[in-house]
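1. I'd like to go over a predicted model; first the sequence, then the structure.
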Amino acid sequence: MSDAHFGAPDQDALVSAAEAALTEKPQHRTLLIEHGGRRYIAKRLAERPRRLMQTLFMRWLVNRITGQPLPMRTLALSESASSMDYEAQRIATLAAAGARVPRIAHRTNEYLLLEHCGTVVASLLEKWAPDTWRSELPRMARELGEFHAAGLWHGGAQIKNVTLQDGSFTRIDFEENFGEFLPLPVTQTADLLLFLNSVSLAGPIDEAESRRILPLLLKEYLDAHADPAGILDTLNRARPLLGHIVGAARPFRRYTRKSYRRMVIIIDTLDQQLSAA
Ligand SMILES: Nc1ncnc2c1ncn2[C@@H]1O[C@H](COP(=O)(O)OP(=O)(O)O)[C@@H](O)[C@H]1O
Ligand SMILES: [Mg+2]
């Protein structure tokens, strides 16, 4: 079963090499495979069914933000989608829509063999000079805006799920399926907040730099999104909830210091930009 085969000299030898590596390192979820002068990532299935608390929280959140209750049946059904097939299907759909995603060299029910697409931005950022992050991160924000403008969603747009190679970003990791049953602007807003939150206080980006760059990233994103009205509406509806969450987390902030500080930075960024928009 190898769709989108992209010209490896000997597919059978590649598959054998990947399966040998997967057998040898059962504790690894993803493995780098080098074969025939090319690099691949073997990614095996991880069973991570959504837990009841998570499902209930999601249902409450959607109801608060959209005013529409989500039937539990929809949420429960969506769990059956969690297989390698689901991620392979998402990659195929996104590729057909023109998004940059890894090509699939081989797939089975247990693992996917993906084209290696460079290093994830979260790792690159650790070593980037200020000049580099100040140009690359806004470029990423614009790219996310354009991706959303095409009617697409990632489901996990953090900088650890986007690679960069030869100047091109590639989105990876499509196991999250909440976009299948949430309204598109809500899913896209989740992508946006996950992206912003993953930049905030990451690597060399300290508090002052986070507070400088996040508003810029939000603005670049909104400018690139052809129709940001739904995003702005969702952000405005989510804003009071974020305030409540921060309020509730305040007594525990010594224990969750970084996530607490990130949340405060996000809220301040939204307040600054939403009143300006
Ligand atoms: N196509 C790819 N190209 C390069 N690196 C990849 C690729 N797919 C996965 N990786 C690497 O493997 C890591 C884990 O893969 P990912 O799909 O994000 O799974 P998860 O986060 O669910 O474990 C990524 O953070 C990245 O470092
Ligand atoms: Mg990931």
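-> Ah, there it is. Ligands and ions are numbered 1, 2, ... in the order given.
2. what's downstream of the lowest-mean-pLDDT helix or strand in the chain, the next helix or strand?
-> One helix or strand of the chain scores below all others by mean pLDDT, DSSP states H and E: helix 72-79, with a mean of 58. For helix 72-79, the following helix or strand on the C-terminal side (DSSP states H and E) is helix 84-96.
3. Determine whether any part of that next one lies close to ligand 1.
-> No - Helix 84-96 does not reach ligand 1 (Cβ under 6 Å from any ligand atom); its nearest approach is 7.9 Å. Heads up, the C-betas are built off the backbone N, CA and C, glycines and all.
4. can you tell me if that helix touches ligand 2.
-> No - counting by Cβ under 5 Å from the ion, ligand 2 is not contacted by helix 84-96; separation bottoms out at 11.0 Å.
5. In contact with the closest residue to ligand 2 within the stretch 151-277 of the chain, which residues?
-> Per Cβ to the ion, D173 is where the stretch 151-277 of the chain lies closest to ligand 2, at 3.8 Å. D173 sits next to 156, 161 when contact means Cβ atoms under 8 Å, 6 or more residues apart in numbering.
6. what does the stretch 101-250 of the chain put close to ligand 1?
-> Residues of the stretch 101-250 of the chain lying near ligand 1 by Cβ under 6 Å from any ligand atom: 102, 114-117, 120, 160-161, 163, 172-173, 175.
7. give me that answer again for 8 Å
-> By Cβ under 8 Å from any ligand atom, the residues of the stretch 101-250 of the chain that approach ligand 1 are 102, 114-120, 122-123, 156, 160-161, 163, 170, 172-175.
8. hang on, V162 packs against T170?
-> Yes - V162 is within contact range of T170, at 6.9 Å (criterion: Cβ atoms under 8 Å).
9. Looking at these two, which is more packed in?
-> V162 (26 against 20; other Cβ atoms under 10 Å).
10. right, and A238 touches T189 too?
-> Yes - A238 is in contact with T189 according to Cβ under 8 Å; the separation is 6.8 Å.
11. For those two, indicate the residue with more neighbours.
-> Taking other Cβ under 10 Å, A238 and T189 do not tie; T189 has more neighbours (24 against 19).
12. tell me the helices in this protein, going along the chain?
-> For the chain, applying DSSP state H gives helices covering 11-24, 52-66, 72-79, 84-96, 121-127, 130-149, 184-199, 207-224, 229-249, 257-276.
13. Least confident of the ones you listed, on average?
-> Per-stretch mean pLDDT for the helices of the chain is lowest at helix 72-79 (a mean of 58).
14. these two touch, right, N177 and W153?
-> No - counting by Cβ under 8 Å, N177 does not reach W153; the two are 10.4 Å apart.
15. Neighbour count: the two, which is higher?
-> W153 (25 against 18).
16. What separation is there between E115 and R39?
-> Taking Cβ to Cβ, to the nearest Å as the measure, E115 falls 8 Å from R39.
17. Pick out whichever of these two has more residues nearby.
-> E115 (17 against 13).
18. does the more buried one really touch H106, like I thought?
-> No - counting by Cβ under 8 Å, E115 does not reach H106; the two are 10.7 Å apart.
19. Common neighbours of those two, please.
-> Counting by Cβ under 8 Å, 6+ apart, nothing touches both E115 and H106.
20. Please work out how many residues are found near I205.
-> Count around I205 with other Cβ under 10 Å applied: 20.
21. Quick check, pLDDT for it.
-> 97.
22. how many neighbours does R100 have?
-> Using other Cβ under 10 Å, R100 has 15 neighbouring residues.
23. Now do the same contact list for Q188.
-> 148, 153, 230-231.
24. Distance check, I104 against R212.
-> Using Cβ to Cβ, we find I104 at a distance of 39 Å from R212.
25. again with G67
-> Distance, G67 to R212, by Cβ to Cβ: 35 Å.
26. Which one of those two is surrounded by more residues?
-> Neighbour tally, G67 and R212, criterion other Cβ under 10 Å: the higher count belongs to R212, 12 against 8.
27. ok, the more buried one to L32 distance?
-> 35 Å.
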